[in-house]
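Trainee: A structural model of the following input is requested.
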Amino acid sequence: MFRRDFLKGTAALFGTLTLGKTSLALPTFQSSQTVKGRVINAKTKAGIANVLVSNGLNVAKTDRDGRYQLPLESDSTIFVVKPRGYQVPVDSNNLPQNYYHYVPNGSPATKYEGIKPTGTLPQSVDFTLDPVREDDSFSMILFGDPQPRNQTEIDYMSHDIIEQIVRDEEAMKASFGLSLGDIMFDNLQFYDPLNQSIGTIGKPWQNVVGNHDMNFDSPDNALKTETFRRVYGPNYYAFQYGEVNFVVLDNVMYHGKDVGGYHGEITYEQLAWLKNLLRHIPKDQLLVIAMHIPLWSTDNREELYRLIEDRPHTLSFSAHTHYQRHDFIGKAEGWQGINPHHHLNHATVCGCWWGGTPDERGIPHATMSDGGPNGYSIVEFNKANYKITFRPASRPFHEQMAIYLPEETKSAESSATEVTINVFAGSSKSIVEARINNGNWTKVPNVPGPDPFIVRLKTLEAQDPKPPGRAVAGPNATPHIWKMNLPANLPLGTHFIDVRTTDMFGQTYNERRTFRVIA
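Mentor: Below you'll find the model as predicted:
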C-alpha cells in the first residue's frame, strides 16, 4: 500500500496508474490555472519542436513553434527535459537552469532558506536551449555522497577528489557529472561553497536529493526539499544525452519534524510522472535511473520495476550506504524483466564521512566500511552499452584492490595461511586469479566477508578510546572479497603473489604482494 504524499496545493485526483496487473487510483493534476511558454533555440531564437516540458506530473511536448501548455498548481516547478543535441543554460557553478519555480508566497520559514516568493505567474514561461553536438559515445563523472559537514570537509573534497579529476584525462572528457545525494551533511548553508568547488571541474553537474539534504524542520515530506529546490531545482527530473535517458528520483520519504526519521519510498506523483514520461522514450534506448537510497531499501521498488522492466536496457545508481556493491536484480528479488537489472550502489566521495587517520595533507584516509577507498567513477556510454571505471581517491588509477596476508609465515604452515583479496569495485561477474612466484594462474573463489584492514582498525580503536581522526565505519561483510590459501611447504625466503582481476566490462587490473617464508 502506498502512502499518499501529494504535492503541496494539489487539488483533486489524477486518474489511474497501472503497474503490471495492479491499477492504483491516483490524484489528478486538475487546476484552474495554466502555464504557457516556449522552448527557444538560444542561437537562432526559433522555437524548438518536440521538447518535453513537465509540471512534475504531466509531460507535454512542444509544437513546431516550440510552444507548450500545462496545468499548474501553486508551489510547483515547471522544467524542461533536456533533449539530445541541446544543452540547458548553467549558472556560475555549472548547475543546470532548466526550471521555473512557481511559489507565489514563497516557501514556509525554515532554518535554511527556501524559495523566495515568485509572485504572479508570467504570461509566458520560456526556456532557452543551446544547440550542441552529442555523439552516441560519451561519458559522465559519478559521485556518491560528497556529504561535508563544514568548510574543512569541503576542502578535503577539493584536494582529495576535485584536484585529481582535473588531472584525470579520461574524467575531463566527460560531458557532465552527477552526485547521488547527500550533497551536504545537514548543514545546508554550505551548499554554495561546495557547488563552487565542484564547479571548478567545468562540467554541467546534476544532483540527487539525499536524506541529509532535507529541511528537518519541515512538517512533512512534501516540504522537505525547499532549500534543495532553491539551489538545484526540482527534486525529481529527467534529461537525455545521446541515446541515453536519465531519470533522477527522490526516494527519501521524510516522516516530518514531529515524528522524525525517514525511509526509502518513491511517491505516487513520481511514479505517475515517470509513467507519463516513459510514453515519450523509445523502449530500445538505455534508461538510467539515479536515486539516493538503494533499491533494496526502497519499500515500493516493485512498483518502479513494473514501469521499467519491459525495457531491455536499464541501469540504476544509488549511494547512501558508504560502501560499494553491484546487484543484478532478478526474479527472486521481484524483477520480472527478461534480463536482470543492474543496480550499482556507488562508493562515496567522503568515504566513511571523512573518518580515519589524517595523512600528511591533513586529509583522513576515509576508507569505507567495506575496506574500499573513497573515490568517483567514470561511466562511458555508447547507445545501450555502458562501462563503469572506478577511480580511487589519491591513488594510482590502476590500484583497484588490496591483498592481505601476513608479512611472514612458517614453511610448515604455509598451506594454512590465508590470502584475502578485496577488489574495490568487484562484482559477482568479476574473475579473480592469482599465481605464486610466476607459477600458473589459478581462479580464486569469491568468499564475501569483512575487510581485514577495517577489522584491524576497529580493534585498534577499541584499544585506544581517542584514536587520531574520526572513527571509521564497519566492518561489514562485503561481496567483493576473494580468498585462497598459500601452497604447502613453500621454501624459505622472499616470495610474491600476483593477483589479476577482470571485471564485467573486460577491464583487467594487476597487483603484487611480497611475503617471507621462515623456518
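
Trainee: going forward, measure contacts and count neighbours with C-alpha atoms only.
Mentor: Noted.

Trainee: where do the strands sit along the stretch 51-200 of the chain?
Mentor: For the stretch 51-200 of the chain, the strands defined by DSSP state E, counting those that start in this stretch occupy 52-54, 59-61, 67-72, 76-81, 86-87, 99-102, 127-131, 137-143, 176-179.

Trainee: so which of these comes closest to Val39?
Mentor: Comparison of those against Val39 by Cα to Cα identifies strand 127-131 as nearest, at 4.8 Å.

Trainee: who does that closest one pair up with?
Mentor: Applying DSSP bridges to the sheet, strand 127-131 is found paired with strand 33-41 (parallel), strand 86-87 (antiparallel).

Trainee: could you check the angle strand 67-72 makes with the first one?
Mentor: The one in question is strand 33-41. Strand 33-41 and strand 67-72 meet at an angle of 150 degrees, taking axes from the mean of the first three to the mean of the last three Cα atoms, to 10 degrees as the criterion.

Trainee: quick one: strand 33-41 to strand 76-81, angle?
Mentor: 30 degrees.

Trainee: so which of the strands paired with strand 127-131 is the most packed in?
Mentor: The highest mean neighbour count among the strands paired with strand 127-131, using mean count of other Cα atoms under 10 Å, belongs to strand 86-87: a mean of 20.

Trainee: which residues are in contact with the residue positioned nearest the centre of the chain?
Mentor: Centroid-nearest residue in the chain: Leu180, 3.0 Å away (criterion: Cα atoms, centre = their mean). Contact analysis of Leu180 by Cα atoms under 8 Å, 6 or more residues apart in numbering lists 142-145, 207-210, 290-292, 317-319.

Trainee: got it, and Val423?
Mentor: By Cα under 8 Å, 6+ apart, the contact set of Val423 is 400-402, 480-482, 501.

Trainee: could I get the full set of helices for the stretch 151-300 of the chain?
Mentor: Here the stretch 151-300 of the chain has its helices, by DSSP state H, counting those that start in this stretch, at 151-157, 163-165, 191-199, 226-232, 268-278.

Trainee: Gly260 is nearest to which of those helices?
Mentor: Closest among the helices of the stretch 151-300 of the chain, using Cα to Cα: helix 226-232, at 17.1 Å.

Trainee: could you list every helix and strand in contact with the closest one?
Mentor: If you count contacts as 3 or more Cα pairs under 8 Å, 6 or more residues apart in numbering; DSSP states H and E, helix 226-232 packs onto no helix or strand.

Trainee: domains in this protein, by residue range?
Mentor: Domain ranges of the chain: 31-78+90-129, 130-392, 401-518, per automatic domain parsing.

Trainee: can you put these in CSV and add distance to Arg84 and mean pLDDT?
Mentor: As requested, the domains of the chain are arranged in CSV below (distance: least, Cα to Cα, whole Å; pLDDT from 0 to 100):
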stretch, distance to Arg84, mean pLDDT
domain 31-78+90-129, 10, 96
domain 130-392, 5, 98
domain 401-518, 26, 95
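
Trainee: which of those is buried the deepest?
Mentor: domain 130-392 (a mean of 20).

Trainee: start to end distance for that domain?
Mentor: 34 Å (Cα to Cα, to the nearest Å).

Trainee: among the helices of the stretch 151-300 of the chain, which is nearest Ser394?
Mentor: The nearest among those, by Cα to Cα, is helix 163-165 at 7.0 Å.

Trainee: neighbouring contacts of stretch 386-400?
Mentor: 160-161, 164, 373-381, 423-425, 505, 509-511.

Trainee: now, which of those lie within strands?
Mentor: Under the assignment DSSP state E, the contacts of stretch 386-400 contribute 375-381, 423, 509-511 to strands.

Trainee: wait, which of these is closest to Trp354?
Mentor: Gly375 (11.9 Å).

Trainee: what bridges to that closest one?
Mentor: Pro392.

Trainee: wait, it sits on His346?
Mentor: No - judged on Cα atoms under 8 Å, Gly375 makes no contact with His346 at a distance of 9.4 Å.
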